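# Fold the stuff below for me.
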Amino acid sequence: MSSGNGTRRKVSQPQHFDDTVDPETLIEIQGIFCKIRTYVKPSGGEWCVPDPNAALKHGAEEHPALQALKASLNGVKNQLSDKNVEVWHQHTNSTNRAGKVIAAVRSAANAEICTQAWCKFFEILGTFDLLPVEALQDGELNTVHLCEAPGAFITALNHYTKTSESARHCDWSWAANTLNPYHEANGSGATIADDRLIANTLPRWFFGSDNTGDVMTQKHLLELQAFVANMRRVDVVTADGSFDCQEKPDEQEALVASLLYCEATAALLLLSPGGSFVLKMFTLYEHSSVCLLYLLSCCFRSVNVFKPATSKSGNSEVYVVCLHYDGKEAVRPLLAKLIRNYGPHLADREALFPNSLVPRSFLRQHEAVCSYFHALQVETITENLRLSEGMSGEQRRRLDYIRDRTAQEYLQRFQVTFLPRSRWVSRNAVTPACCGASAGRPLGQKKQTGSFNERRELQTLSWRQRLQRGCHAAWVQTHCAEASGAGCALEGPLSGCQEDLWHVVVGAALPAVRNSAFCDGGLLTHVNEALLHTAADWTRTPPCDFCRALHPASVLSEVAGLCVDPVEIGKPRRCLVFDSRSAWDACEGQSGDLVLTFPAEPPAPPGGCSTLHDGDPLYQQRLLGCVAFSLQTLSSGDALLLPLSSAFTRVTAAVVLCLHACFRSVTFRCPPPSGGVGAVLVCAGLCPEAAAQLLPVLTDVHSCMSQMLSGEEETVFTPMMEPAFLTSLFSLLVPQQATADW
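Now for the predicted structure:
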């Protein structure tokens, strides 16, 4: 094992600090950027790909020395269990030596999606010869990015290739995969909702035939290979995947092991000879990590474990940087077996290799790697615990000085230069990545509050108790007073829909709606818990006392006013109502010139409330049928009242988009009929020309949905819509969801 000097690229020498800097401080600043350990292969060829016949056949074996390091680290981390996470994060941010780097890069570089991930990958690019020499010489670079949302590795690589002398003339092509932030079945604990880059570069993103984007699905692996088949070769694969391990932080390594195996298998399948692979890992104590790193060491000429300066030194995160892939031929039999067993349990059942096939020379180096990074992490946590008790003025001044100098060192060492927005990845987008479709709506990330011990205690409580003690409790109690969303309306008809560019995505039927682009993830989780853990009949639940419910007569009076045409005052307008007659008939005399019409068979919502919400395929098909029928039936200036049980899915959002394109006004109201759950879309002033353009599209989709339902196929349609519409739709619909579903 070595520090990796032979594998590091040449970087610009940092400028000398002034003479007042003491040697100890200089050494500390330089050391922040040199946390690398490299596996060195023995010259005798002892490290080779094990026999595939022995793979995935034996139980995992513990390594006593590594387990001792794990126990030691967990013992230190246990001292944080009673720390309030928000207070502790604020403290560790203030002690992080590289804590000012992101702000410095944003100021100096005009970087696209300049996050901590951007800075980490730019540091990797500046530390290693990650881009193969062959690609730079040919002037063609092809990269694939797994588990990539929101896309900071991509934008960092774009910045590097546009500003680096060695790569600026390369013709760069890329493809990416991530859990689809628009797919409602993907859980919020693993899904990054930030779609700033995705919305503007959607054709480059691979989500697979079921539209989930799950890289651990076997068929997706082969589909991904076909997705990038147009690339003459694949030069670099990155994998930055992880998921929420907050409830079992001491077992993070074991929890993500199968994901890491799947990412590595995909890289070995996709990469061309000479290619590079970057894999995010955590602690490396388990047998699964030993086997994976040994396999990578057999397949690449150089394997390095790197802790970027911009990765917080108190966490377990490291990046395994693998250079010069030997190619698939040497690993092909084993790779075939990995593909056959590919899936979310790849690392759970049996060990990749028995311990007897891992050379002792590798284990010695691996133990030294683990000891090195263990010492760094323990030292940081211990220091942060000590400093949390109080810092002297001199300690604070020295720390601030180091933080300033570290930011300068980063800019100088990696030659960070300005890149104009015209050269960003999303330069041709309607909404640049700095203000994409996710702007103005919640990103649905799980927010940690309190201490670990408090959060663990919270999990033992009922959903109602968790809600009362959670971060949404105050909002739930006060939402009535705000009357939020009461005046929201979409004014139409929306022009420039370009429906000829719309297409339909087919994916797996939803088992539940676990996240939504149109609702805060925490609120949606509470709603789903309430539905799962109570025996209440939600169809008979009285309206919420806090919600501002309107009498049907008031709704009809408003619709009549919206339908008035200054040119044709007094002309009767028809209002098509897809709801029970009993709820509206008694008010017809108070609707002015509005003539109510009720279809013979109004659509029935799914039975009761469930975690499918508006994701039930039959409900979606009926909803789309109602809209198609309305556009066929209504005349110019007419109105539509369309009940919605909820509006969490893209299908419902697409329906609202279509209505926005066809009516002068679309808003929502909450009359108090059937159970108090849901709202009524109020659509006034039909535009026949717009309806005529959209009707064929809706009719075709409805017909296809009906055929699929009759064949009982486990698939659903998702009409694709303009990402820029998400923000305005969210502002219209979220208040309805929040008030109605509570």
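
# Contact partners for residue 269?
Taking C-beta atoms under 8 Å, 6 or more residues apart in numbering, we find residue 269 in contact with 221, 225, 328, 335, 339. Just so you know, the C-beta spots here come from the backbone N, C-alpha and C atoms, and that holds for glycine as well.

# In a helix, it, correct?
Yes - under DSSP: H, G, I helix; E, B strand; the rest coil, residue 269 sits within a helix.

# what about the longest helix in this structure?
helix 360-388 (DSSP state H).

# residues of that one that come out buried?
361-363, 365-367, 369-370, 372-374, 376-378, 380-381, 384, 387 (16 or more other C-beta atoms under 10 Å).

# can you list the domains in this protein?
With domains defined by automatic domain parsing, the chain comprises 5-423, 461-741.

# Tell me which strands the helix or strand containing residue 668 pairs with, and in which orientation.
Residue 668 is part of strand 663-669 when elements are defined by DSSP states H and E. Using DSSP bridges, the strands paired with strand 663-669 are strand 490-491 (antiparallel), strand 679-686 (antiparallel).

# Nearest to residue 77, out of those?
If you check each of those against residue 77 by C-beta to C-beta, strand 679-686 wins as the nearest, at 46.6 Å.

# Toward the C-terminus, what is the element adjacent to that closest one?
helix 688-710.

# from the middle of its chain, how far away would that following helix be?
31 Å (C-alpha atoms, centre = their mean, to the nearest Å).

# Which strands and helices lie in contact with that helix?
helix 617-633, helix 650-662, strand 715-719 (3 or more C-beta pairs under 8 Å, 6 or more residues apart in numbering; DSSP states H and E).

# can I get these in a markdown table with distance to residue 345 and mean pLDDT?
What follows is the helices and strands packed on helix 688-710, written out as a markdown table (distance: least, C-beta to C-beta, whole Å; pLDDT from 0 to 100):
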| stretch | distance to residue 345 | mean pLDDT |
| --- | --- | --- |
| helix 617-633 | 28 | 91 |
| helix 650-662 | 29 | 92 |
| strand 715-719 | 24 | 51 |
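
# between these, which gets nearest to residue 505?
Of the helices and strands packed on helix 688-710, nearest to residue 505 by C-beta to C-beta is strand 715-719, at 4.5 Å.

# Of the strands paired with strand 663-669, flag the one that's most buried.
strand 679-686 (a mean of 26; mean count of other C-beta atoms under 10 Å).

# okay, now residue 350: neighbour count?
The local packing of residue 350 (other C-beta atoms under 10 Å) involves 15 other residues.

# cool, residue 244 as well?
With other C-beta under 10 Å as criterion, residue 244 counts 16.

# State the pLDDT value of it.
We have a pLDDT of 72 for residue 244.

# So the residue nearest to it when sequence neighbours are not counted, which state does it fall into?
Of all residues not flanking residue 244 in the chain, residue 189 sits nearest, at 3.4 Å (C-beta to C-beta, 6 or more residues apart in numbering). Taking three-state DSSP as the rule, one finds residue 189 in the coil state.

# burial measure for residue 189, as a count.
17.

# separation between it and residue 515?
For residue 189, the distance to residue 515 (C-beta to C-beta, to the nearest Å) stands at 9 Å.

# which residue is nearest the middle of this protein?
residue 192 (1.5 Å; C-alpha atoms, centre = their mean).

# Tell me the secondary structure at the residue nearest to that residue when sequence neighbours are not counted.
Spatial nearest neighbour of residue 192, chain neighbours left out: residue 149 (3.7 Å); criterion: C-beta to C-beta, 6+ apart. Secondary structure, three-state DSSP: residue 149 is coil.

# What distance do you get for residue 149 to residue 207?
On the measure of C-beta to C-beta, residue 149 and residue 207 end up 11 Å apart.

# Check residue 633 too.
From residue 633 to residue 207 the distance is 36 Å (C-beta to C-beta).

# Between the two, which has more neighbouring residues?
residue 207 (23 against 14).

# For that one, grab phi and psi.
Per-residue torsions, residue 207: phi -120, psi 0 (degrees, to the nearest 10).

# What of residue 305?
phi -100, psi 120.

# related to what we said a few turns ago, can I get the helices and strands packed on helix 688-710 in a markdown table including distance to residue 97?
Formatted as a markdown table, the helices and strands packed on helix 688-710 follow (distance: least, C-beta to C-beta, whole Å):
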| stretch | distance to residue 97 |
| --- | --- |
| helix 617-633 | 52 |
| helix 650-662 | 43 |
| strand 715-719 | 46 |
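
# burial count for residue 57?
Count around residue 57 with other C-beta under 10 Å applied: 13.

# Hmm, residue 350 and it touching each other?
Yes - between residue 57 and residue 350 a contact is recorded at 6.0 Å, counting by C-beta atoms under 8 Å.

# which one of the contacts of residue 269 sits closest to residue 290?
residue 335 (19.1 Å).

# show me what contacts that closest one?
265, 268-269, 328.

# State the number of residues packed around the nearest residue to residue 83 once chain neighbours are set aside.
Closest residue to residue 83 apart from its sequence neighbours, by C-beta to C-beta, 6+ apart: residue 451 at 5.6 Å. By the criterion of other C-beta under 10 Å, residue 451 has 18 neighbours.

# Wait, residue 451 touches residue 86, no?
No - with contact defined as C-beta under 8 Å, residue 451 does not count as touching residue 86 (9.9 Å).

# Measure how far whichever strand or helix holds residue 280 is from the centre of its chain, please.
Using DSSP H and E, residue 280 falls within strand 276-281. Chain-centre distance of strand 276-281: 19 Å, with C-alpha atoms, centre = their mean.

# What strands flank it, and is each parallel or antiparallel?
With DSSP bridges as the test, strand 276-281 pairs up with strand 236-239 (parallel), strand 318-325 (antiparallel).

# Would you format these as a markdown table with mean neighbour count included?
Listed next are the strands paired with strand 276-281 as a markdown table, based on neighbours: other C-beta atoms under 10 Å:
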| stretch | mean neighbour count |
| --- | --- |
| strand 236-239 | 26 |
| strand 318-325 | 24 |
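
# For residue 43, grab the count of nearby residues.
Residue 43, neighbours per other C-beta under 10 Å, totals 6.

# With the one 10 residues further on instead?
Residues within reach of residue 53, counting by other C-beta under 10 Å, total 10.

# what about it, which SS state?
helix.

# check contacts around residue 294.
Per C-beta under 8 Å, 6+ apart, neighbours of residue 294: 47, 353, 358-359, 362, 366.

# and with 6 Å instead?
358, 362 (C-beta atoms under 6 Å, 6 or more residues apart in numbering).

# In terms of helices and strands, where is it?
With DSSP H and E as the criterion, residue 294 is inside helix 287-299.

# Could the C-alpha coordinates of that helix be exported in CSV?
Provided in CSV are the C-alpha atoms of helix 287-299 (Å, rounded to 0.1, in the frame of the first residue of the first chain):
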residue,chain,number,x,y,z
HIS,A,287,-16.5,-8.8,4.2
SER,A,288,-18.6,-7.4,1.4
SER,A,289,-16.3,-4.4,1.1
VAL,A,290,-13.2,-6.6,1.3
CYS,A,291,-14.4,-8.7,-1.6
LEU,A,292,-15.5,-5.7,-3.7
LEU,A,293,-12.3,-3.8,-3.3
TYR,A,294,-10.3,-7.0,-4.0
LEU,A,295,-12.3,-7.5,-7.2
LEU,A,296,-11.7,-3.9,-8.3
SER,A,297,-8.0,-4.3,-7.5
CYS,A,298,-7.9,-7.3,-9.8
CYS,A,299,-9.7,-5.5,-12.6
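
# What mean pLDDT does it get?
For helix 287-299, the per-residue pLDDT averages 97.
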